[in-house]
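1. Any chance you could fold what I've pasted below:
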Amino acid sequence: MSYLILKFEDASIITPSKPHDFKHFVRHLGFIDCEMPDICNPIGVNQLSNALHVICGLAPCASKRDTVFKRNEIIYNLAKGAYIRYDDIINNELFQDTKIQNNSTAKIQDKHGNEGVYNWSYFKRNCYSSKEYMDEFLGILNYICGVNDVTKELTIHDTAKIISENMDNEIIKKFIIYRSKYFMDTRAINALEEVVGYKIERLEKNETQKLNVSNTFWYLFFNIPFKGSNIVASGSYNPNAILQTHGVKYRKNKFSGDIIIPIEDKSIIDQINENGLCPTILDGGLITIVGLKTYIPQFTLEHNFKKII
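-> Numbering: from 1, shown residues only. Purely as a prediction, here's the structure:
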């Protein structure tokens, strides 16, 4: 029995930052769902078998698609009997991508499918025209939700759910009938009237709207059918412009370690001596031949290495 000792360095796996959204583009088919790589066992029998094929001077054989090449079963069985050990240190890299812009035709949606981005930071930024009126509305939300500060204790979506469940509350009804005219424009009030089913006061000639908030926030709070988005500029100014234009799209994990392959067939050793190539493995990884030993204790194999999957 001989033992072929290999070393692999910087063998990489690239995974999406959001594993549930792992898709691959295939020509004529579009995007298809893909299996996430096994981060705990990145190098498997198929990958090692292909590397051994190259070391022996043979063409690697694809395992995930049709190919004209046939794998050598002797070499494949050698890979199945191999032992592997990964270094403790794993190098990581991040890949950025460009997020969609405000003027893009792509739609940005919240978790409920509403167009836009909805959180307390965006709401407060939208209330730039009057802190006094913003605090008045937040005070009503605090009272209905039974908390000291909804912006710290609840998400904006959780708050909207509670408000929609308490539309018959007298505080809410009085705000809608008598005060909403200072907070919403005519379009939002008309839409709200259709939802609540009762008359809402309008501004007198000498009165003005106090808050210039995107209507979509009112649609969210009062469960009104959505129209538009809060991140599309109104006129020439948008307080909720997306300033962060890049995000992490993919993560690249680099693995290094050692592989030991028991070999009984001397012809394989001769083939390796004759060719002796250094193949790549995974994405950008390099395998080098460390040497050949005639004996390695079984204890070392079982306790310092693990059987390849």
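2. Only C-alpha atoms from now on, for both contacts and neighbour counts.
-> Will do.
3. got the residue ranges for the strands in the stretch 201-309 of the chain?
-> 246-263, 280-281, 285-293, 306-307 (DSSP state E, counting those that start in this stretch).
4. who wins for proximity to Asn91 among these?
-> Nearest of the strands of the stretch 201-309 of the chain to Asn91, taken as Cα to Cα: strand 246-263 at 5.1 Å.
5. the inter-axis angle of that closest one versus strand 285-293?
-> 20 degrees (axes from the mean of the first three to the mean of the last three Cα atoms, to 10 degrees).
6. And strand 246-263, what's buried?
-> The neighbour-count check on strand 246-263 (16 or more other Cα atoms under 10 Å) flags 250-263 as buried.
7. Make a markdown table out of those and add distance to Tyr86.
-> As requested, the buried residues of strand 246-263 are arranged in a markdown table below (distance: Cα to Cα, whole Å):
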| residue | distance to Tyr86 |
| --- | --- |
| Tyr250 | 22 |
| Arg251 | 19 |
| Lys252 | 16 |
| Asn253 | 13 |
| Lys254 | 11 |
| Phe255 | 7 |
| Ser256 | 6 |
| Gly257 | 4 |
| Asp258 | 7 |
| Ile259 | 9 |
| Ile260 | 12 |
| Ile261 | 15 |
| Pro262 | 18 |
| Ile263 | 21 |
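8. and Gly30, how far is that from Asp66?
-> 19 Å (Cα to Cα, to the nearest Å).
9. again with Tyr182
-> In this view, Tyr182 and Asp66 are 67 Å apart by Cα to Cα.
10. name the helices or strands packed onto whichever helix in the chain runs longest?
-> Longest helix of the chain, by residue count under DSSP state H: helix 131-145. Packing partners of helix 131-145 (3 or more Cα pairs under 8 Å, 6 or more residues apart in numbering; DSSP states H and E): helix 150-153, helix 156-165.
11. So for Gly113, which of these sits nearest?
-> helix 156-165 (12.1 Å).
12. Which residues in the closest one does the neighbour count mark as buried?
-> Buried, per 16+ other Cα under 10 Å, within helix 156-165: Ile156, His157, Thr159, Ala160, Lys161, Ile163.
13. Which residues are in contact with Ser49?
-> Each residue near Ser49 by Cα atoms under 8 Å, 6 or more residues apart in numbering is listed here: Pro60, Ile75, Tyr76, Leu78, Ala79.
14. From the residues you listed, keep the buried residues only.
-> Here, 16+ other Cα under 10 Å leaves Pro60, Ile75, Tyr76, Leu78, Ala79 buried among the contacts of Ser49.
15. my read: the second one touches His53, true?
-> In this case it means Ile75. Yes - at 6.9 Å, Ile75 and His53 qualify as touching, with contact defined as Cα atoms under 8 Å.
16. Tell me who's in contact with Val26.
-> Ile32.
17. please begin residue numbering at 862 from this point
-> Fine by me, first position is 862 from now on; the one you just mentioned is Val887.
18. I'd like the distance between it and Met897.
-> Distance from Val887 to Met897, by Cα to Cα: 17 Å.
19. Check Thr1161 too.
-> 31 Å.
20. Which of those two has more residues huddled nearby?
-> In this view Thr1161 and Met897 are compared by other Cα atoms under 10 Å, and Met897 has more residues nearby, 14 against 10.
21. What does the pLDDT read for the more buried one?
-> pLDDT for Met897: 79.
22. Could you dump the helices and strands packed on helix 992-1006 into CSV and include mean pLDDT and distance to Asn907?
-> Formatted as CSV, the helices and strands packed on helix 992-1006 follow (pLDDT from 0 to 100; distance: least, Cα to Cα, whole Å):
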stretch, mean pLDDT, distance to Asn907
helix 1011-1014, 94, 51
helix 1017-1026, 93, 47
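23. which one of these lies closest to Ile1130?
-> For Ile1130, the closest of the helices and strands packed on helix 992-1006 is helix 1017-1026, at 65.7 Å, according to Cα to Cα.
24. Restrict the closest one to CA atoms and write it as PDB.
-> Extracted C-alpha coordinates of helix 1017-1026, given in PDB (Å, rounded to 0.1, in the frame of the first residue of the first chain):
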ATOM      1  CA  ILE A1017     -43.400  50.300  11.300                       C
ATOM      2  CA  HIS A1018     -45.200  47.200   9.800                       C
ATOM      3  CA  ASP A1019     -46.200  45.900  13.200                       C
ATOM      4  CA  THR A1020     -47.500  49.300  14.100                       C
ATOM      5  CA  ALA A1021     -49.500  49.500  10.900                       C
ATOM      6  CA  LYS A1022     -51.100  46.100  11.700                       C
ATOM      7  CA  ILE A1023     -52.200  47.300  15.100                       C
ATOM      8  CA  ILE A1024     -53.600  50.500  13.700                       C
ATOM      9  CA  SER A1025     -55.600  48.600  11.000                       C
ATOM     10  CA  GLU A1026     -57.000  46.400  13.800                       C
END
